[in-house]
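Enquirer: Dropping the sequence and predicted coords here.
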Number of protein chains: 2
Amino acid sequence: MSHQSISSIAFVGLGAMGAPMAENLVRKQFRVTGFDMREAAREALVAAGGHAAASAKEAAEGAEALLLMVVNAAQARAVLFEAGALAALAPGATVILMATCPPGEAEAIAAEVTKTGRHFIDAPVSGGVNGARNATLTIMVGAPAESFARAKPVLDALGDKVFHVGEKAGQGATVKTVNQLLCGVHIAVAAEALSLAEKAGIDGRLLFEIMGGSAASSWMLRDRGPRMHEPDPAVASAVDIFVKDLGIVLDAGRAAKTALPLAAAAHQMFLSASGLGHGGRDDSQVVRAYRALNAKPANDA
Amino acid sequence: MSHQSISSIAFVGLGAMGAPMAENLVRKQFRVTGFDMREAAREALVAAGGHAAASAKEAAEGAEALLLMVVNAAQARAVLFEAGALAALAPGATVILMATCPPGEAEAIAAEVTKTGRHFIDAPVSGGVNGARNATLTIMVGAPAESFARAKPVLDALGDKVFHVGEKAGQGATVKTVNQLLCGVHIAVAAEALSLAEKAGIDGRLLFEIMGGSAASSWMLRDRGPRMHEPDPAVASAVDIFVKDLGIVLDAGRAAKTALPLAAAAHQMFLSASGLGHGGRDDSQVVRAYRALNAKPANDA
């Protein structure tokens, strides 16, 4: 079985990321059977040439692979172990977990999957909805080389930057965790920089124009910086996503006994923004926590 | 005088940055008279078509502009007020301070210069030695519009990204300070990310390859990241420069009563690297402070 290529895929979690990913697999001639709680999501997959199932277990029935693009590790566990999708898969099938999970969770789920004789691929992604649509995701894979080779054609249909970062489940999740550490700190420090400049009467738009073209630039500064000047920008990704993801970063640091002073400080700023009532706003609005800390003096001060 | 264009320039501080900057002014047909403590630096300027003086005061004698590319604000004060360069300048001349100084210092020096009837341009740079050589520096100017217009041809000969960030001296220094805040935090967080990944057995070179092509990227991660894997890389800029520059950032934050939690945490890491004896090493070696904090467990642990 392990040398046979994967042709039938159960896909669970047809959200903003999952839906275009499942459609990319259909386009690449995989037989995709999808499940999502929302009927509209199932219908959209069928319209795109896929198949729909009434439950995760039904989708997994006899499939050679199960791709999980759910919200978190708890949902992955529910699908695999409680809803019975794992047991429904073909013997020797491959479980591909692409949700962002704590490294320890990915490792624990892997242990339960592999003891049934199935393969497990820890394969979180970055690149957002655009990457999902254009099949240009970055995919960070922790898995034994043989399992990775088996899953590679599936991953290549979803992303153009597929990296095998280690032989162990949890190592893909670690790289994704590190990715979020960098992204979260880069957003927060852009807001911190803006905060200092505004206090000195510098125009924030000009500041980011200068910084975006210098050694001080980051991808996040160029992307999120302009949105820090809008009172309520469209939500690309919410403040509460970084409350969660930097939480995962710090949990991974605790588990590995690794001090992460910058990630810890950035987490406090996202927590504050959320606590101030802005958790659902675009993550650029972490700047509101800095404005709360560093308000300009009142005119009568 | 203020509508007459600047043709004669006294240039003090012919170091790694100053020497190529002075030569660029010569190339653009300014009459440049340079001073530096080191005779070899003076001779190099003469060989490039400039003139040399035996003191800062002699260089400034009757000049229409004095450009200061010294190490810090204390040296700028010594040249202007103690060595007598300010008084030697033509009436209505322009002092252009391009060294990295605390915003409050730039403001205080400006007050003393302008009360003699001369112009003051607070104009720190970024772009390093390559930018100085190729006249591609970023120049951040805080000065009244009239003074800025007068100095602009001189600045255009040195950089291709000349920004007028505000009417007040100290605002250029603030933008440079913010630039250093971002650069310092971006270097430190790259080291922090590496530290977490290495603990999980991830190859650091692969990690930076992945991060450098994702939303987690920064200019500093791409530039300094690879050097974090070298035991003792050539020094592009030293750890102690960021000990100083993040110190200036935090002093500016204190003066403006502005909380800068990420800059403060990053400063601690550069301080630690310096205290461990690595202050003279390349600033990528802030990673040594993280390795001291987060050493991998011994094999017998």
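Expert: Nice, I can see it.

Enquirer: What sits closest to A:His267 if chain neighbours are left out?
Expert: Nearest non-adjacent residue to A:His267, counting by CB to CB, 6 or more residues apart in numbering or on different chains: A:Leu246, 4.0 Å away. Yep, even glycine has a C-beta here, placed from its N, CA and C like the rest.

Enquirer: burial measure for the one you found, as a count.
Expert: 27 (other CB atoms under 10 Å in any protein chain shown).

Enquirer: likewise A:Glu61?
Expert: Neighbour tally, A:Glu61, other CB under 10 Å: 16.

Enquirer: try A:Lys115
Expert: A count of nearby residues for A:Lys115, using other CB under 10 Å, gives 8.

Enquirer: What's the separation between it and B:Ala215?
Expert: 36 Å (CB to CB, to the nearest Å).

Enquirer: Show me the helices in the stretch 201-301 of chain A, by range?
Expert: With helices called from DSSP state H, counting those that start in this stretch, the stretch 201-301 of chain A shows them at A:204-212, A:219-224, A:239-255, A:261-273, A:287-293.

Enquirer: Check those for me and report the most buried one.
Expert: helix A:261-273 (a mean of 23; mean count of other CB atoms under 10 Å in any protein chain shown).

Enquirer: Go ahead and report the secondary structure state at A:Ala90.
Expert: coil (DSSP: H, G, I helix; E, B strand; the rest coil).

Enquirer: wait, isn't it in contact with A:Glu64?
Expert: Yes. Using CB atoms under 8 Å, A:Ala90 is in contact with A:Glu64, at 5.5 Å.

Enquirer: More neighbours: these two, which one.
Expert: Counted by other CB under 10 Å, A:Ala90 and A:Glu64 do not tie: A:Glu64 has more neighbours, with 21 against 18.

Enquirer: from memory the more buried one sits against A:Val32, does it?
Expert: No. Applying CB under 8 Å as the test, A:Glu64 and A:Val32 come out as separate, 11.5 Å apart.

Enquirer: Please determine how far A:Ala188 is located from chain B.
Expert: According to CB to the nearest CB, to the nearest Å, A:Ala188 stands 6 Å off from chain B.

Enquirer: residues in contact with that residue?
Expert: A:Ala265, A:Ala266, A:Met269, A:Phe270, A:Val286, B:Leu262 (CB atoms under 8 Å, 6 or more residues apart in numbering or on different chains).

Enquirer: A:Leu206 too?
Expert: B:Phe163, B:Val165.

Enquirer: do the same with A:Lys161
Expert: Residues near A:Lys161 by CB under 8 Å, 6+ apart: A:Thr136, A:Leu137, A:Thr138, A:Ile139, B:Ile210, B:Gly213, B:Ser214.

Enquirer: doesn't it fall inside a helix?
Expert: No. If the criterion is three-state DSSP, then A:Lys161 is strand and not within a helix.

Enquirer: That one and B:Lys161, how far apart?
Expert: 31 Å.

Enquirer: Just give the nearest non-adjacent residue to the residue nearest to the spatial centre of chain A, would you?
Expert: Central residue of chain A (CA atoms, centre = their mean): A:Thr100, 4.6 Å from the mean position. Closest residue to A:Thr100 apart from its sequence neighbours, by CB to CB, 6+ apart: A:Pro124 at 5.2 Å.

Enquirer: Ramachandran angles for the one you found?
Expert: Dihedral pair for A:Pro124: phi -70, psi 160, per degrees, to the nearest 10.

Enquirer: Would you agree the residue nearest to A:His267 is in contact with A:Gly184?
Expert: Yes. Under the criterion of CB under 8 Å, A:Leu246 makes contact with A:Gly184 at 4.6 Å.

Enquirer: Please identify every residue contacting each of those two.
Expert: A:Ala263, A:Ala266, A:His267, A:Phe270.

Enquirer: Pipe those into a markdown table and attach pLDDT and distance to A:Pro231 per row.
Expert: Shown next, in a markdown table, are the shared contacts of A:Leu246 and A:Gly184 (pLDDT from 0 to 100; distance: CB to CB, whole Å):
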| residue | pLDDT | distance to A:Pro231 |
| --- | --- | --- |
| A:Ala263 | 98 | 28 |
| A:Ala266 | 98 | 23 |
| A:His267 | 98 | 25 |
| A:Phe270 | 98 | 19 |
